[in-house]
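S.K.: attaching a predicted model along with its sequence, questions to come.
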Amino acid sequence: MSTASVEAQLRTRAFARVIGPYVATFTIVYAIRLPDLVGYINDLFAQPVLVWLLGALMLGGGLVIVGGHRSWRGPLAVTVSLFGWFVAVRGFLLIVDPGAVKSGVDSTMLSPTATTVARIFFGALAVIGLLLTYAGWFTEPTAPTPATPTTDAHSPA
């Protein structure tokens, strides 16, 4: 498999420069303050128009990432693309069935085990955010490796 073009790698790094610090910041806060955020979550879901707006913004933001970043070559590119799809799907779910999202949040917050697992999950996402930040700001693209042409040994040159 050949590596992505330099242009695609630069685009991936540009997305990683934005997504990495965002993910790292918010997931660190979520991991540390998760039990304290229940009030915010309840306040949010008490205002259906805010849930709808959040879903619309998330769907739009996710689709911008999906549409602007079409490379799936390499772990960094896959991570950026998966993040875009994840945000778009979450936004779609908030628009279509906010009650299911709220139910999932409530069941997670009511179970100490699920809350601990969620905190560990957010901590792992924080590490991924830090890695995206590093890759976006401090690495350089590699030269693409050309695909090996397949030629038939018996065909004329």
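M.R.: On my side now, so go ahead.

S.K.: where's the nearest residue to residue 142 once chain neighbours are set aside relative to residue 52, distance?
M.R.: Excluding the flanking residues, the one nearest residue 142 by C-beta to C-beta, 6 or more residues apart in numbering is residue 3, at 5.9 Å. No exception for glycine: its C-beta is placed from N, CA and C like everyone else's. Between residue 3 and residue 52 the computed distance is 41 Å (C-beta to C-beta, to the nearest Å).

S.K.: with residue 113 as the reference, measure out to the residue nearest to residue 142.
M.R.: Using C-beta to C-beta, we find residue 3 at a distance of 42 Å from residue 113.

S.K.: and for residue 67?
M.R.: From residue 67 across to residue 113, the span is 38 Å (C-beta to C-beta).

S.K.: ok, now residue 69?
M.R.: Residue 69 sits at a distance of 36 Å from residue 113 (criterion: C-beta to C-beta).

S.K.: neighbour count for these two, which is higher?
M.R.: residue 69 (20 against 8; other C-beta atoms under 10 Å).

S.K.: quick one, what contacts the more buried one?
M.R.: 11-12, 15, 77, 80-81, 84 (C-beta atoms under 8 Å, 6 or more residues apart in numbering).

S.K.: save these as JSON lines, and put in pLDDT and neighbour count too.
M.R.: Output for the contacts of residue 69, formatted as JSON lines (pLDDT from 0 to 100; neighbours: other C-beta atoms under 10 Å):
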{"residue": "11", "pLDDT": "93", "neighbour count": "19"}
{"residue": "12", "pLDDT": "94", "neighbour count": "26"}
{"residue": "15", "pLDDT": "96", "neighbour count": "24"}
{"residue": "77", "pLDDT": "94", "neighbour count": "22"}
{"residue": "80", "pLDDT": "96", "neighbour count": "28"}
{"residue": "81", "pLDDT": "96", "neighbour count": "18"}
{"residue": "84", "pLDDT": "96", "neighbour count": "22"}
